[in-house]
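Chemist: this one's structure only:
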């Protein structure tokens, strides 16, 4: 290792090799980097022996107004802008990204959580991947790992996001075990994670939604809520309290447990599960100051990934704001975009992105 130039965030040195296929004699040049990664409770994530907090953002495959095609120049622009504003990691939500994007991460020095699925057997929409998971998960997951395992930027594989089977239903723990075992059989040099959220909406967020539905955005009288809704609130409170136990079997095979909007559990779960490593796989931009303070308090929390670094097509209006606070989670036409990114659809930074240095995420952090 002494004679090698190591790949890192500031000097992402890449080597090239000429590969000749024995049967066809086809010659191809491939690039690769040399680096070490480590994950421990004491130091969190380390790159080449140096502990680093992941200052990350979630990104999607589309390139804004240009559409879904992966143009190399636009993929590089996306990563370059994020790198310039202080990000050191991205999470590919919620599917494998283009080779062009990973190549850009290699060249520019950006770490990657490489994510495979947004659902397993349990559907989120009628026509989503749940129709194909059982027959194709191994082929699709294996293709991602085999394609991406030479990219030095890739430090973790994610086998899912907010998977419906996280509460133990549908043999969720057994499926998680099979996926983890399969990934390790192909590449055991990276960590495996999964973005896990609350089993239901947490009680506080659910209460805000109820206020919009029953109280026109104002405070509501609990007694005025229908009895079946009250019962759901009580159930939500219980599940929120016992989330750690309910999901324990589901996450037991993961190297790092991804927490979506659960930063308030970092301290408690760090004590209840003394061997667990955590990464904040999704956090609200408006909560980043609080989230980052909690992230910095615990070495076993590897870092955070804001939702989102770049705006995206879909989940229309999820980041909207109205003065009267009325309305549901999503917005109707003419809304097309999520409206919650640090960068807008065209790649211009928003005020929330410009002000991010107040909590440190947009300043390189080494521990």
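Modeler: Sure thing, it's come through. Note that this is a predicted model, so its numbers are computed, not measured.
Chemist: now the strands for the stretch 201-350 of the chain?
Modeler: Counting by DSSP state E, counting those that start in this stretch, the stretch 201-350 of the chain has strands at residues 257-260, 278-283, 301-306.
Chemist: Can you name every helix or strand that the second one contacts?
Modeler: So the one you mean is strand 278-283. Counting by 3 or more CB pairs under 8 Å, 6 or more residues apart in numbering; DSSP states H and E, the packing neighbours recorded for strand 278-283 are strand 54-59, strand 154-161, strand 191-196, strand 257-260, helix 266-272, helix 288-297, strand 301-306. For every residue, glycine as well, the C-beta is placed using N, CA and C.
Chemist: Repeat the analysis, applying 7 Å as the threshold.
Modeler: strand 191-196, strand 257-260, helix 288-297, strand 301-306 (3 or more CB pairs under 7 Å, 6 or more residues apart in numbering; DSSP states H and E).
Chemist: The shortest one now?
Modeler: With contacts taken as 3+ CB pairs under 7 Å, 6+ apart, strand 257-260 sits against strand 191-196, strand 278-283.
Chemist: Determine which stretch of these is the most buried.
Modeler: Neighbour counts (mean count of other CB atoms under 10 Å) averaged over each of the helices and strands packed on strand 257-260 peak at strand 278-283, with a mean of 26.
Chemist: and that strand, which strands flank it?
Modeler: strand 257-260 (parallel), strand 301-306 (parallel) (DSSP bridges).
Chemist: between these, which one is nearest to residue 61?
Modeler: strand 301-306 (16.0 Å; CB to CB).
Chemist: The most centrally placed residue in the chain and residue 260, how far apart?
Modeler: Geometric centre of the chain, nearest residue: residue 281, 4.0 Å, by CA atoms, centre = their mean. As defined by CB to CB, to the nearest Å, residue 281 lies at a distance of 5 Å from residue 260.
Chemist: picking that back up, quick check: the residue nearest to the centre of the chain touching residue 91?
Modeler: Yes: in this structure, residue 281 is within contact of residue 91 by CB atoms under 7 Å, at 6.2 Å.
Chemist: Now do the shared contacts for the two.
Modeler: residue 305 (CB atoms under 7 Å, 6 or more residues apart in numbering).
Chemist: low-scoring stretches of the stretch 101-250 of the chain, by residue?
Modeler: Residues of the stretch 101-250 of the chain meeting the criterion pLDDT under 70: 200-225, 228-237.
Chemist: Break down it into its helices, ranges please.
Modeler: 133-148, 172-186, 203-215, 227-241, 243-251 (DSSP state H, counting those that start in this stretch).
Chemist: Only the buried residues of the first one, if you could.
Modeler: Spelled out, it's helix 133-148. 133, 137, 140, 141, 144, 145, 148 (16 or more other CB atoms under 10 Å).
Chemist: What separation is there between the nearest residue to residue 107 once chain neighbours are set aside and residue 241?
Modeler: Of all residues not flanking residue 107 in the chain, residue 12 sits nearest, at 6.2 Å (CB to CB, 6 or more residues apart in numbering). When distance is defined by CB to CB, residue 12 is 44 Å away from residue 241.
Chemist: The nearest residue to residue 267 once chain neighbours are set aside: how many residues sit nearby?
Modeler: The spatially closest residue to residue 267, leaving aside those adjacent along the chain, is residue 298, at 6.9 Å (CB to CB, 6+ apart). Residue 298 has 15 neighbours, counted by other CB atoms under 10 Å.
Chemist: wait, doesn't residue 298 sit right on residue 263?
Modeler: No: judged on CB under 7 Å, residue 298 makes no contact with residue 263 at a distance of 10.1 Å.
Chemist: if we can go back for a sec, mind listing what the residue nearest to the centre of the chain touches?
Modeler: Residue 281 sits in contact with 91, 195, 258, 259, 260, 305, where contact means CB under 7 Å, 6+ apart.
Chemist: 6 Å - rerun?
Modeler: 195, 258, 260, 305 (CB atoms under 6 Å, 6 or more residues apart in numbering).
Chemist: Report the beta-bridge partner residues of the second one.
Modeler: Residue 258 has these beta-bridge partners by DSSP bridges: residue 195, residue 279.
Chemist: Next one: it from residue 266, what distance?
Modeler: 13 Å.
Chemist: Over to the third one?
Modeler: Here the criterion is CB to CB. By it, residue 260 lies 13 Å from residue 266.
Chemist: Find residues that contact each of residue 281 and residue 260.
Modeler: Joint contacts of residue 281 and residue 260 (CB under 6 Å, 6+ apart) are residue 195.
Chemist: Just list the residues touching the residue nearest to residue 331 when sequence neighbours are not counted, thanks.
Modeler: The spatially closest residue to residue 331, leaving aside those adjacent along the chain, is residue 317, at 2.6 Å (CB to CB, 6+ apart). Residues in contact with residue 317 (CB under 6 Å, 6+ apart) are 330, 331, 335, 339.
Chemist: what's the closest non-adjacent residue to residue 96?
Modeler: Of all residues not flanking residue 96 in the chain, residue 144 sits nearest, at 4.5 Å (CB to CB, 6+ apart).
Chemist: The one you found contacts residue 97, doesn't it?
Modeler: No: the pair residue 144 and residue 97 does not pass the contact test of CB atoms under 6 Å, sitting 9.6 Å apart.
Chemist: could you measure residue 271 against residue 303, distance?
Modeler: Distance from residue 271 to residue 303, counting by CB to CB: 20 Å.
Chemist: next one: residue 82
Modeler: From residue 82 across to residue 303, the span is 14 Å (CB to CB).
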